[in-house]
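> my questions concern the predicted model and sequence given below.
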4 protein chains.
Amino acid sequence: MFFASDNWAGAHPKIAAGLSSHASGFEPAYGSGARDRKVAERFIEIFEREVAVFFAATGTAANALSMSACNRIGGVAFCHAEAHMTVDEFGAMGFFTGGARTAPVPGALGRMDPQALDRAITRFSHDLAPAGQPMAVTITQATEIGTVYALDDIAAVSAVAKKHGLPLHMDGARFANALAALDVPPAEMTWKSGVDIVSFGGTKNGCWMAEAIVVLNPELGRDLQILRQRAGQLFSKSRFMAAQFEAYLADGLWLETARHANAMAARLAGILCASNRVRLAWEPQANEVFAILEREKAEQMLAAGATFHEWGLPQNFDGDVAEGEAIYRFVTSFATTAEDVDRFGELIG
Amino acid sequence: MFFASDNWAGAHPKIAAGLSSHASGFEPAYGSGARDRKVAERFIEIFEREVAVFFAATGTAANALSMSACNRIGGVAFCHAEAHMTVDEFGAMGFFTGGARTAPVPGALGRMDPQALDRAITRFSHDLAPAGQPMAVTITQATEIGTVYALDDIAAVSAVAKKHGLPLHMDGARFANALAALDVPPAEMTWKSGVDIVSFGGTKNGCWMAEAIVVLNPELGRDLQILRQRAGQLFSKSRFMAAQFEAYLADGLWLETARHANAMAARLAGILCASNRVRLAWEPQANEVFAILEREKAEQMLAAGATFHEWGLPQNFDGDVAEGEAIYRFVTSFATTAEDVDRFGELIG
Amino acid sequence: MFFASDNWAGAHPKIAAGLSSHASGFEPAYGSGARDRKVAERFIEIFEREVAVFFAATGTAANALSMSACNRIGGVAFCHAEAHMTVDEFGAMGFFTGGARTAPVPGALGRMDPQALDRAITRFSHDLAPAGQPMAVTITQATEIGTVYALDDIAAVSAVAKKHGLPLHMDGARFANALAALDVPPAEMTWKSGVDIVSFGGTKNGCWMAEAIVVLNPELGRDLQILRQRAGQLFSKSRFMAAQFEAYLADGLWLETARHANAMAARLAGILCASNRVRLAWEPQANEVFAILEREKAEQMLAAGATFHEWGLPQNFDGDVAEGEAIYRFVTSFATTAEDVDRFGELIG
Amino acid sequence: MFFASDNWAGAHPKIAAGLSSHASGFEPAYGSGARDRKVAERFIEIFEREVAVFFAATGTAANALSMSACNRIGGVAFCHAEAHMTVDEFGAMGFFTGGARTAPVPGALGRMDPQALDRAITRFSHDLAPAGQPMAVTITQATEIGTVYALDDIAAVSAVAKKHGLPLHMDGARFANALAALDVPPAEMTWKSGVDIVSFGGTKNGCWMAEAIVVLNPELGRDLQILRQRAGQLFSKSRFMAAQFEAYLADGLWLETARHANAMAARLAGILCASNRVRLAWEPQANEVFAILEREKAEQMLAAGATFHEWGLPQNFDGDVAEGEAIYRFVTSFATTAEDVDRFGELIG
């Protein structure tokens, strides 16, 4: 009953095996080997266009380097008020960029509101011009609260970004979960909808440690090679990340693991709905379920061995959380089993 | 005949196996799991004292974060003129510290000269006081050119650092190779000789990607947890690094691989010495051999499938490199075989 | 009819004369001369306690260096949502600190609400702990919209800051105007109310270019000497700033000019109130008047030679601005004349 | 007998008067007023071409902002080993650029050796490519030791910079002194000799506080307006600097004061040469004299009321400094009188 986070899981057996199978042998370092090139080509296939790929050790690094690629003097990046980049990364974005910052944009259910975005950028371009320069828009897909931007949602945000001449970044720590939820090709969810650069996460969905910056707009990629070297994110045995991505992207494994995680979340949501002790805080769309429980009940479940975390009320949350209740987050992954979900359901009663 | 770098090798089978064996199961993220704690205790055992351990993805990150831990306003770190930190890391140290920099100190055979260090620090404390503040001394062990600081050498550098109130950092990208060469316990080569903080490398010696900052002086470790988080170096599945270190440090594997690499370098050096086509540039002490070859001969060897690199003349090199000759570097690793070394010897004639 | 800004004025004749009278003669540079020491003592007298004083060329520099003195890794400074530091200084604070940032706190009429501050800091200390570290609270006195914190208001903010262990900074670009409005000694408005460090502005109130960081809490001043040197804010002919402050602080000139500016604002407010074409947006307390005019009327006044600027609606403004109307700002200074104010009144009708 | 530094002097009477005459009246702030525009045009006249001009409060700020304008990721600026930027500005350049740094280039008598520069840049472009990216060459005119680059010297340095595609910056803290020494127009000493951007100093030569970045290559100026705002170097009462420059550049005042300072240095040098107690360390060319004295004699002179400083031995100094002797620096300025110089001569005997 491990629902604390998808990064509590280890590695998918196929990824572990893929990695091990490349342990022996010599290969050029720093990404210049054959395996790195092969994986780069695989990304091109998957995205159906030329892309540049830069591995990163963490999602924080992928996001902060993406922002570095968009950096401007006195830069301001527009993100949802609860974006990981602004609330969970200890100021990495400001540090990597030498002082750029985020400006929060509101929006229901974890999704940025395009009209609010337009107002925010306009305000920074006019009233707040002495505050700095708009430099990028960034969205999280799937969002921090387990919802997903539909293609139209992305296009609407992108239209505002383009109107103001700003690149659009997608924090895809759970890229595959969103893709599986939408059931569309990567190209549709990214560049065909106006996305310029993606933090493409593999770690939460079955890799050991495999993140990549996928640059769809070539202008943004110009300096990333040296930006990441300066940031300590150029890996000597880069092929170790390549090997993970090779296995991850082979035969649709990544979508399979994501679909499994999403299905487990749906199963959990169904069970919780059926219980009269719990109600969903909002409809889950990917691999995270947010539910309202009595604190006492939550304590019991934790005591019974389940792992999960309380979650702060989102801004503008209009649901009903009574005295003695709280919102809790349940995350599923490639490693979550139906048995575990069902056992949790039985215990919750 | 792969002598280009020790990071061209993959992972040692035991490390690959150790990693795989932990692929399944759930464990708390971000270093709070049982395996991380166990590895931290293993480091304490190995160093025979309390230490704090922070994993890093690359040697550059380990060095730059170590410097961040020593950072001062207008900071100046004293390093050998050819230290990796100053010539190979694309300014990571300046970037991580918001503008600190290195001051080069001369010294024969890759080792910092203590008297020259004393003069350099004194000069920055007096004549060059408006240039900034001395903040740290850093040495590389084994050095960039395959030599090793004897315990007395470290103590002599440390005495100068302490006299000026500066912490001493050791860039141990090849820590194990130096340790094997000196045949002393880690405690002797570090804190008992005055070292305060170490970039402890595992990658070049058989791991996939496993570097650690080992803090011997507790004052320096105070902020490292958040410094690394802000730098995108806090790993969600941290246990993946822990598992590598677990295998690496178990049953003396790390010293075994280092001794093997050093022995292969000695074997290669012996063979080269015996050849009349080649002469050693200086005596190798760890796993790197530097030799003077005719360029023409080098080209032949490369054409025959050997991999190795030309090396720039070190500062103050007093050897004799004739017209048409150059210095070349040959690096051995845990994966180098005696057969390969011998085959190279046969070809070189 | 120059109401565009108090920095459109030149220098008060006494300050210009004081400066000129020190043009000849030699004196040690970089703040080590007799005049600098004398001015430092004058600040001690005025603040009725030991203080350290560091000159700065601009208010932006004084603010950003004050924040540098409070800086922490991943630092977050709490300020009013409309604070100059966050909306008017082109990210200087983030740049000087290597990535720290502001978190906005709401509050009516330009004053930070202490309860909201408490919630904001608490949130960053708990829910948003991975976002970074609280590092300071900063208030602007007089505020950006011409209101003033009463002593009790400052004490209430300070109590919250102290509860969370944070230093309190005061952006005193219009320090004298606030002091004149409250009619209290500087000690009361600062350290006796819990303020730790002040950006003490002289430029807007009659100096050419004279800002100072006044450190009331000695811990915060430790590094300011070198922080400002590194920031290009250590002045060789520092006595030129000392001479301005000497004249500024002699015989109460600074309070006289501030009282005059405030009186002119009050006079203007009275005239505007009496007019049926204009209404005050809120009650002015220092030297800035904000009034609601028909845009057409504003255009007429500008065409008639008056200078003033439109002002964006403050957050949470509950006044009534009709279609065709806007809020305009009118700033008075030591150089504003009653005649000019009255002439403006006559024209507005 | 004030020879400690040219920044111990106050302001030239004409500059003080010019400033005072503009104290009254209102004018737009932040450099948008008529006086600023007029001064900008005066710079265009003087440089005989389009230039962009940005005022700065200190030479350190002018240099660091000039380097910001040339900044690259992992940037390296090539300067003489004893350049003010690298030894006297507390790391401002690294701080402003987020981690760029200087690489020292040797050269006799304070002037960078073009061949050594070529080798240094080539080395960073090839052997040291992983160290970072060459970003600029910077020379100091007049040099830190009172010598001057002849036009051919500048052209030779510039040719090397251009060969490598790097902009050439001139630290002109003593621009006028060098110009007076060479007796050429500013255009000859700058863009006609290949200089792209200048730190144009006024403070040491008779202003209170007036430095300017003069951009000769328009590409470099693109971001300076916002770079300086973010750095706290955009002045509200900018006309106060404009007024200084107006008086400084009117009727050749700046060259007159520089010629006077140079003449006083020559007079002092002549007197010192004639004395058998002193010998020149090298030939002075601008307004600084470096001489070798017995320490005992120097102490006597200081006790007699003269002010001057000991100077460290320059790198590669091949003169003869005996036991008990040292090099001392004597700086003259617009305010130095022949009487004072002669009195010093009489005392030294």
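Cool, got the structure.

> show the pLDDT at the residue of chain A found nearest chain D.
Of all residues in chain A, residue A:98 sits closest to chain D, at 4.0 Å by C-beta to the nearest C-beta. C-betas here are computed from N, CA, C, even on glycine. Looking at residue A:98, its pLDDT reads 97.

> tally of neighbours for it?
Counted by other C-beta atoms under 10 Å in any protein chain shown, the residues lying close to residue A:98 total 25.

> what do you get for residue A:125?
For residue A:125, the count of nearby residues is 14 (other C-beta under 10 Å).

> the closest residue to it other than its chain neighbours and chain C: what is the separation?
Leaving out its chain neighbours, the residue that sits closest to residue A:125 by C-beta to C-beta, 6 or more residues apart in numbering or on different chains is residue A:134, at 6.3 Å. The gap separating residue A:134 from chain C is 12 Å, by C-beta to the nearest C-beta, to the nearest Å.

> kindly report the same for residue A:316.
Separation of residue A:316 from chain C (C-beta to the nearest C-beta): 15 Å.

> and residue A:16, by the same measure?
For residue A:16, the distance to chain C - C-beta to the nearest C-beta - is 29 Å.

> returning to what we had before: contacting residues for the residue nearest to residue A:125?
For residue A:134, the contact set (C-beta atoms under 8 Å, 6 or more residues apart in numbering or on different chains) comprises A:72, A:75-76, A:78, A:121, A:124-125, A:164, A:166.

> cool, residue A:16 as well?
Residues in contact with residue A:16 (C-beta under 8 Å, 6+ apart) are A:10, A:208, B:19-20, B:23.

> how about 6 Å then?
B:20, B:23 (C-beta atoms under 6 Å, 6 or more residues apart in numbering or on different chains).

> how about residue A:99?
So residue A:99 contacts C:91, C:94-95, C:99 (C-beta under 6 Å, 6+ apart).

> is the residue in the stretch 151-300 of chain A that chain B sits nearest to in a helix, a strand, or coil?
When scored by C-beta to the nearest C-beta, the stretch 151-300 of chain A has residue A:232 as its residue closest to chain B, at 3.0 Å. Following DSSP: H, G, I helix; E, B strand; the rest coil, we place residue A:232 in the coil state.

> could you find the closest non-adjacent residue to it?
Residue nearest to residue A:232 in three dimensions, not counting chain neighbours: residue B:61, with 3.0 Å by C-beta to C-beta, 6+ apart.

> how much space separates that neighbour from residue B:197?
Relative to residue B:197, residue B:61 is positioned 14 Å away (C-beta to C-beta, to the nearest Å).

> what about the residue of the stretch 151-300 of chain A closest to chain B, neighbour count?
The local packing of residue A:232 (other C-beta under 10 Å) involves 30 other residues.

> next one: residue A:251
Neighbours of residue A:251 (other C-beta under 10 Å): 9.

> again, but for residue A:313
Taking other C-beta under 10 Å as the criterion, the count of residues near residue A:313 is 12.

> next: residue A:127.
Residue A:127 is flanked by 14 other residues according to other C-beta under 10 Å.

> residues in the stretch 201-349 of chain A within reach of chain D, list them.
A:223, A:226-227, A:230 (C-beta under 6 Å from any C-beta of the partner chain).

> widest-spaced pair of those?
Greatest spacing in those, by C-beta to C-beta: A:223 and A:230 (9.6 Å).

> residue A:169 in helix, strand or coil?
Applying three-state DSSP: residue A:169 is strand.

> and the closest residue to it other than its chain neighbours, backbone torsions?
Distances taken as C-beta to C-beta, 6+ apart place residue A:138 nearest to residue A:169, at 4.1 Å, with adjacent residues excluded. The phi/psi pair for residue A:138 (degrees, to the nearest 10) reads phi -130, psi 130.

> one step back: who has more neighbours, residue A:223 and residue A:230?
Just comparing residue A:223 and residue A:230: by other C-beta under 10 Å the higher neighbour count belongs to residue A:230, 29 against 17.

> need the contact list for the more buried one.
B:90-92, B:95, D:74.

> mind putting those residues into TSV with distance to chain C, pLDDT and neighbour count?
Output for these, formatted as TSV (distance: C-beta to the nearest C-beta, whole Å; pLDDT from 0 to 100; neighbours: other C-beta atoms under 10 Å in any protein chain shown):
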residue	distance to chain C	pLDDT	neighbour count
B:90	18	96	26
B:91	15	97	30
B:92	15	98	28
B:95	10	98	29
D:74	17	97	25
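
> thinking again about what came up before, closest to residue D:187 among the residues of the stretch 201-349 of chain A next to chain D?
residue A:223 (35.0 Å).

> what parts of chain A come near chain C?
A:74, A:87-88, A:90-91, A:94-95, A:99, A:101, A:127-128, A:130-132, A:312.

> just flag the most distant two among those.
Using C-beta to C-beta, the pair of those lying farthest apart is A:130 and A:312, separated by 32.6 Å.

> out of these two, which sits in the busier spot?
Under the neighbour definition other C-beta under 10 Å, residue A:130 and residue A:312 were set side by side, and residue A:130 has more, 18 against 15.

> so what pLDDT did the residue in the stretch 151-300 of chain A positioned nearest to chain C get?
Among all residues of the stretch 151-300 of chain A, residue A:231 sits closest to chain C, at 13.1 Å; criterion: C-beta to the nearest C-beta. At residue A:231, the pLDDT value in this model is 98.
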